[in-house]
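Asker: Got a sequence here, can you build the structure:
(chains A, B and C)
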Amino acid sequence: MIEFRDFSLTYPTGSRPALQKIDFIVPRGQICAVVGADGAGKSTLAGVISGVVPHMTGGETTGWARIGSRMLAETPASELVGEVALVMQNPFNQLSGARFSLREEIAFGLENLGVDRAEMVRRVEQVMADLRLTALADLSPYEMSGGQQQLLAIGSALVMRPAVMVLDEPTSQLDAVGAGVVFDALETLRTQGVTVILFEHRMERPARCVDRVLVLDEGRIAADGQPDDVLTDPRLADWGVAPLRYTTAARQAVERGLWEADRPLPVTLEAAAEGFDAALKGARTAGGL
Amino acid sequence: MVLHIDSLVHRYPNGMTALAGVSLTVKAGERVAVVGPNGAGKSTLARHLIGIARPTSGRVEVNGRDAAGLGIADLARSVGFVFQNPDAQLHAATVAKEVGFGPRNLGFPADRRTALTEWALRVTGLTGEADSHPRHLSFGGRKRVALASVLAMDTPIIVLDEPTTGQDHRSVTLLEELLRGLHSQGKTIIAITHDTDFCAENFDRVVVLAEGRVQWDGPVEHWLEGAVDPPVSAFEQPQITRLGQRLGWPTPVVTVDGFLDRLTDHASSAD
Amino acid sequence: MDMSSHAVGDSPVHRLNPLTKLVFAVTVTVSAFAFTMIWWPPLLFCVAIVPMVIVSGTQRKFFPTFLALWVPVALTVCLMQGFFYPGAHRVVAGIGPLELKYEGLVFATQTALRVMVLMGGFFLLLLTTRPGTMMSAMTQRGMSPKTVYVVSAALQIAPALAGRAQGIMHAQQARGLSVTGLRGRVRALVPMAGPLILGALTDVGDRAVAMETRGFGTTRHCTYLTEVPDSTAQRAARAAMELCALTAVVANVLGVLR
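Answerer: Alright, predicted model coming up:
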């Protein structure tokens, strides 16, 4: 479980707090998306959860935050290894830079933790299979494309079997196939009881799989709720988050009488298709009368 | 015709083929989106347009001149290339100096340089940041500086590599507005992207690249009509296109407005 | 990008523990330098290194690359020593004011032949050993993981940096920067070095975070994915080779065979 209570953080060089009075609880096994404009505090929040901020960056905090029974203010990242895994935006910087093959790179964290070799081999092979990386196992991480490095960075985090996964735009360099692989892996994590905090700009896939969406705006929580509610909020664009086309289309269709006014606005393809089908049938029946 | 690519083949030293015979003609003022899965050869194709990659065989013609005979800095007068990663180019102490770097290299007179720099800063929403250090901006901000620094070179062709990656909604909205402005000025715009929604709403023509070949090339409103190749179907279609398909509509729609018009037609047609 | 000279294979030589190959390379080198007979290094090369190369099946990569590296070294040594060997007096040929001398050529030949053994031994090691296995073997022999990290990263960072520098140069050239001629090169310095250095600094900061969250430097006992095969026979072979090397050094010190 992750819990933030009245948590604020100001960087040494910051004029205003990067996070202000953050309050939320993410229960174990929940997949929570965090969205917001550039500079809304997403990276800071990711850093706090993974024990990087303020321990490696400096900064004044008030209030508190914890993961399970560990208070984050007192727990640097090195003590959270194995419990919290962080996948950063730039996959290249996530690599150890000292391993000569993808397979060895994925094992790097396990080696540091002293995981038994047989267990390590099992986990590494499993992760490579899950992320469709087995064919690249012997390739040097330096020779891989940005998209492949991104999958490798995710694999290196998954293999640690953390209780909490923090993912910062994990599919930014991936095409639909690669992104599909990543979101399938998130579904697997859900069944294993792993808590996932996902930072994203593009919401179509998250809308389908996350349990909850948290909107950050200028360091504060602007909205917090289920994707159906938060992603259809009319203020979404003002918070710097692109509304889904399905939602926009339905909202505009309401004005033309082609979306039933009492039907919730859709955030998935399925819901949109169902709603528009119903509206078309309704229109035809009305026209036929 | 501002760009003419004929049977372009690009093979890496290790023998891997990135482009296996691409032919493409772009007319002045066109807005072309090059889309396709990872590893399709999109970026390699773009690199040929500015001469940082050279054909293994085939020909690239820019503004009627064979690119083979032109250096990278010569081609820079015709083609402005906005790289995916802004950090590969930001070096100046202020945003304004960074943006003025290109025009100075091209030897523009001082008054034209100033005018272009001011314009580029304005249309990218950076006027207020003119004196900031580029490295102090957010990733999205740095990406806009890189864009402005290319716009200031006033090239007839602008090529953008993954312009929406890592950009929030405000930045994307600003970019879309900017692209409309450039289009009305008659600039040729080519974007490489895997953001198919962005592509559907801001471009006239789509070129689908997969496995080093052009798999589909046509007007955006006919999105992939008649395409049969599996690599093409493996990459994501725009949200609105998929919605239209799901509703069983026989021909594709690509924008919300197009969708609503079609919806209205369907609602009023009694069947 | 070719990160190492490693030639993929699964020969008995490839499967040897990297340490065995390292001890082999050191032993042949020490032996080559220990004795003065001019035929000794070529003999060593033919009876020790060549068979190993053949067994490893890498001869098609070994010999061309080896010659490309060794021949220029040998020629340079011959010319330098031939002309400038101190105390030499038997002139073989004269080129203008320079005189090629016999003693110098003899010394140069001997040095070049010794270097042939040194390069052959170590090149065989590099060619038949995955760098990752090498590093794993080092750590398992007690070298600190941090030292091994630095060595491994250094081996790979140069090509990565070169790739990035090229990317930056392309980005700046695409903005009309001309990098031809002396003036062009000087003017290109800041636009090139700035992004390279600042980029590297950002990377270091990010990478420190990543390493921390991946448990690097924790005091717990490390384990290794890459299994490094070893055997009693190999341990015995290493001991025997170490003994040979030691004997050669002792013989050299005592002045036997020189």
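Asker: Ramachandran angles for residue B:195?
Answerer: With angles defined as degrees, to the nearest 10, residue B:195 sits at phi -90, psi 90.
Asker: Could I get the buried residue list for stretch A:218-237?
Answerer: Applying a neighbour-count criterion of 16 or more other C-beta atoms under 10 Å in any protein chain shown, one finds A:218-224, A:227-228, A:230-233, A:236 buried in stretch A:218-237. For the C-beta atoms, the positions are set from N, CA and C on the backbone; glycine is no exception.
Asker: dump the residue contacts of residue B:237.
Answerer: Contacts for residue B:237 (C-beta atoms under 8 Å, 6 or more residues apart in numbering or on different chains) come out as B:196, B:223, B:224, B:245.
Asker: And it, how far from chain C?
Answerer: Distance from residue B:237 to chain C, counting by C-beta to the nearest C-beta, to the nearest Å: 32 Å.
Asker: Just give the nearest non-adjacent residue to the residue of the stretch 151-271 of chain B found nearest chain C, would you?
Answerer: Among the residues of the stretch 151-271 of chain B, residue B:153 lies closest to chain C, at 6.6 Å counting by C-beta to the nearest C-beta. Counting by C-beta to C-beta, 6 or more residues apart in numbering or on different chains, residue B:153 lies nearest to residue B:102, which is 4.0 Å off, once chain neighbours are set aside.
Asker: try residue C:98
Answerer: Counting by C-beta to C-beta, 6+ apart, the nearest residue to residue C:98 once its immediate chain neighbours are dropped is residue C:83, at 5.2 Å.
Asker: mind listing the strands in chain B by residue range?
Answerer: With strands called from DSSP state E, chain B shows them at B:3-11, B:17-26, B:31-35, B:57-62, B:65-66, B:79-82, B:157-161, B:188-192, B:205-210, B:213-219.
Asker: I misspoke; the intended subject was the stretch 51-200 of chain A.
Answerer: Under the criterion DSSP state E, counting those that start in this stretch, strands of the stretch 51-200 of chain A are mapped to A:60-67, A:70-71, A:84-87, A:164-168, A:195-199.
Asker: Can you show me the helices along the stretch 151-271 of chain B?
Answerer: All helices of the stretch 151-271 of chain B, identified by DSSP state H, counting those that start in this stretch, fall at B:169-184, B:196-202, B:230-233, B:239-246, B:256-268.
Asker: Let me have those in a markdown table, extended by mean pLDDT, mean neighbour count and distance to chain A.
Answerer: Below are the helices of the stretch 151-271 of chain B laid out as a markdown table (pLDDT from 0 to 100; neighbours: other C-beta atoms under 10 Å in any protein chain shown; distance: least, C-beta to the nearest C-beta, whole Å):
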| stretch | mean pLDDT | mean neighbour count | distance to chain A |
| --- | --- | --- | --- |
| helix B:169-184 | 95 | 17 | 4 |
| helix B:196-202 | 94 | 23 | 6 |
| helix B:230-233 | 64 | 14 | 10 |
| helix B:239-246 | 94 | 22 | 4 |
| helix B:256-268 | 94 | 18 | 4 |
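Asker: and residue B:166, what pLDDT?
Answerer: Predicted confidence (pLDDT) for residue B:166: 83.
Asker: phi, psi of it?
Answerer: Comment: the main-chain dihedrals of residue B:166 come out as phi 70, psi 10, following degrees, to the nearest 10.
Asker: That one: what's it in contact with?
Answerer: Shown here is residue B:166, whose contacts under the criterion C-beta under 8 Å, 6+ apart are A:89, A:169, A:172, A:201, B:139, B:140, B:143.
Asker: low-scoring pLDDT stretches of chain A, where are they?
Answerer: Chain A contains residues with pLDDT under 70 at A:287-289.
Asker: Repeat that for chain B.
Answerer: Low-confidence segments of chain B, defined by pLDDT under 70, are located at B:230-234, B:270-271.
Asker: So which residues on it come close to chain A?
Answerer: Along chain B, the residues adjacent to chain A under the rule C-beta under 8 Å from any C-beta of the partner chain are B:36-39, B:138-141, B:165-172, B:194-195, B:197, B:234-236, B:238-240, B:242-243, B:246-247, B:256, B:259-260, B:263-264, B:266-268, B:270-271.
Asker: Excluding residues flanking it in the chain, which one is nearest residue B:76?
Answerer: residue C:176 (4.2 Å).
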